[in-house]
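# From the sequence below, what's the structure:
(one chain, ligands or ions: 1)
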Amino acid sequence: MRRCACCSSCVRCGREPGDGLDGAHRVSFFVPDGGIVCRACSLRLDDLVPMELGTLRALERGLSASTGELTRLALDARAQAQAERLLFRFQRFHVGVELRSERFLAETVPVGGNPSA
Ligand SMILES: [Zn+2]
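Below is the predicted model of the structure:
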């Protein structure tokens, strides 16, 4: 599968994280540029969102999945927490406000796992 640009290389310098990394490998996502950044670039940036490559790859699969395939795309509790945090950070960055639905979803659909783990 062809990797999308946002999770295949650093959006700042183009460095690739490598093909041999498993899904648990942690990366930093920079919302203003819409992709991951390498360790060197991350030292100069604030407000990075820590993510596991596996979560980004699952979200990437969801972008090209059919509606039927989406029902089989399951994220574990930790991946859900990471995806939720990334989604809300994107929304706040692009819309500029915190939606009431963010708090509502956090209260009514709690996801397990430690998002910073
Ligand atoms: Zn970089």
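
# how far away is the residue lying farthest from the centre of the chain from the ion?
When distances to the mean C-alpha position of the chain are computed (Cα atoms, centre = their mean), the maximum falls on residue 68, with 22.3 Å. The span separating residue 68 from the ion equals 37 Å under the rule Cβ to the ion, to the nearest Å. C-betas here are computed from N, CA, C, even on glycine.

# Could you report the distance from residue 41 to residue 14?
10 Å (Cβ to Cβ, to the nearest Å).

# Those two: which has the busier surroundings?
Set residue 41 next to residue 14 and count neighbours by other Cβ atoms under 10 Å: residue 41 wins out with 19 against 11.

# Distance check, the residue nearest to that one when sequence neighbours are not counted against the ion.
Take residue 41 and drop its neighbours on the chain: the residue closest to it by Cβ to Cβ, 6 or more residues apart in numbering is residue 12, 4.0 Å away. Per Cβ to the ion, residue 12 is found 4 Å from the ion.

# How about the contacts made by residue 12?
Neighbouring residues of residue 12 by Cβ atoms under 8 Å, 6 or more residues apart in numbering: 30, 33, 37-38, 41, 45.

# I'd say residue 17 and residue 51 touch.
No: here residue 17 does not reach residue 51: they are 11.5 Å apart, not a contact under Cβ atoms under 8 Å.
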